[in-house]
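In: okay, here's the prediction I keep looking at, along with the sequence it came from:
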Amino acid sequence: MQRIFTSRGDLSVRDTELDAVFIALLVEYKHRFDIKKAGFDGFYTCFASNGFSYGSSWKNWKGLANYAFKNSLIFIPSVGPGYMDTRVRAWNGKNTQPRRNGVYYETAWRTALTSPAKYVSVTSFNEWHEGTQIEPAVPMKCGNYTYESYLPRSSSFYLELTKKWSAQLQNRTIS
């Protein structure tokens, strides 16, 4: 990656029409150094399950934000409304995070905003197979599987929470 994302690389895209903001996925602690060395502009944590990886563990976000700041990198914590992927990864039950009627999502947002991050990514808009969707939803059954609904909340409950917390992020970043 150094060849592509650093200005001294022989295949560098820096200062060309292909230049952009390049963000890497941080899973493990050691990835911080790999990302910096490779010339990425920053990193995000992706997984919506607190504790799934080093990067997705909320307790590490302040330290990751500090590392990013000290190294002129962008830190983007990823928040999600919950996590349940056992339908596609039967072995992964330990990482299930119940939505708890929005409490999990709001806790993730609150933690992200105190990290302090300038950007937050949402995992995800419509990844139903991981139980991380925030798009409008109604109760649905497919064969013998019943998808989680947002009841007793409205079908757009998680979009409303996203709007609320995004506004707090924007207001905090601007001021």
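Out: Arrived safely.

In: so where do the helices sit in the protein?
Out: Listed in chain order, the helices of the chain (DSSP state H) span residues 2-5, 31-38, 61-70, 103-113, 157-174.

In: tell me which of those sits most buried.
Out: Most buried of those by mean neighbour count (mean count of other C-beta atoms under 10 Å) is helix 103-113; its value is a mean of 19. Quick note: C-beta positions are derived from backbone N, CA and C, even for glycine.

In: return the residues in contact with the closest residue to Asn60 other than its chain neighbours.
Out: The shortest distance from Asn60 to any non-neighbouring residue, by C-beta to C-beta, 6 or more residues apart in numbering, is to Tyr54 (6.0 Å). Taking C-beta atoms under 8 Å, 6 or more residues apart in numbering as the criterion, Tyr54 is in contact with Leu26, Val27, Glu28, Tyr29, Asn60.

In: correct me if wrong: the second one contacts Gly55.
Out: So the one you mean is Val27. Yes. If you go by C-beta atoms under 8 Å, Val27 and Gly55 touch, sitting 5.4 Å apart.

In: which non-adjacent residue is nearest Trp165?
Out: Trp165 sits nearest to Trp109 (C-beta to C-beta, 6+ apart), 4.0 Å away.

In: model confidence for Thr123, exactly?
Out: With respect to pLDDT, Thr123 has a value of 95.

In: make residue 1 into 47 and carry on from there
Out: Sure, I'll start counting at 47 from here, so that last one is Thr169.

In: I'd like to know which elements the helix or strand bottoming out on mean pLDDT in the chain is packed against.
Out: One helix or strand of the chain scores below all others by mean pLDDT, DSSP states H and E: strand 191-193, with a mean of 82. With contacts taken as 3 or more C-beta pairs under 8 Å, 6 or more residues apart in numbering; DSSP states H and E, strand 191-193 sits against strand 186-188.

In: okay, and for the chain, where does confidence drop off?
Out: For the chain, the stretches with pLDDT under 70 are 219-221.

In: list the contacts of the residue positioned nearest the centre of it.
Out: Nearest to the mean C-alpha position of the chain, by C-alpha atoms, centre = their mean, lies Ser124 at 1.6 Å. Shown in contact with Ser124 (C-beta under 8 Å, 6+ apart): Tyr90, Thr91, Cys92, Phe93, Ala94, Ser102, Val166, Ser167, Val168, Thr169.
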